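1. Sequence isn't available, so here's the structure alone:
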């Protein structure tokens, strides 16, 4: 036991983007998804589009000098329970996309804005596996509704390479529009 930091201390997550960490990752989807395609440049910047790319200038090269893959993505606003904050989650893993789509298509589950989802991450690199599990339907807590109402997020800015958390643009969805 160390006297340097308080027992149980963890470094705060001040990031605006949700990343799957080892173990359980629980979140509540707070907006409709945007979908598209993404690749990364040699300058380590993402390029996104609603449509598949006809060309990929300056695409990042892998260790063998070959162009990296263009990925299909979903992105939406979420409540991250670990950081107690509104963030953007971008999902490129087909196993997670498939699991969420199966829930949406199932009339007993429906829209994922009505329940929390837990994605468990195990492994690292190419050996990473994900499992996706819905949690029982529960109403969104008032503190989450308030955080969502007050934090401006223009998720469509991802397509333009802009920061979705900056500017005077309207939010992607008003909580009233999506049942909160």
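-> Cool, the structure landed. Quantities reported herein were computed from a predicted structural model and do not represent experimental measurements. Residues are numbered from 1 along each chain as shown.

2. Now stretch 56-67: buried residues?
-> 56, 59, 60 (16 or more other C-beta atoms under 10 Å). Any C-beta I mention is one placed from the backbone N, CA and C, and that applies to glycine too.

3. In strands, which of those residues fall?
-> Secondary structure from DSSP state E places none of the buried residues of stretch 56-67 in strands.

4. With pLDDT added, can I get those residues in a markdown table?
-> Compiled in a markdown table, those are given as follows (pLDDT from 0 to 100):
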| residue | pLDDT |
| --- | --- |
| 56 | 95 |
| 59 | 96 |
| 60 | 96 |
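
5. Can you name the next helix or strand after the longest helix belonging to the chain?
-> As assigned by DSSP state H, the longest helix anywhere in the chain is helix 94-105. Later in the chain than helix 94-105, the nearest helix or strand by DSSP states H and E is strand 115-122.

6. quick one, the helix or strand following that following strand and helix 94-105 angle?
-> Where DSSP H and E defines the elements, the next helix or strand beyond strand 115-122 is strand 129-137. Relative orientation of strand 129-137 versus helix 94-105 (axes from the mean of the first three to the mean of the last three C-alpha atoms, to 10 degrees): 20 degrees.
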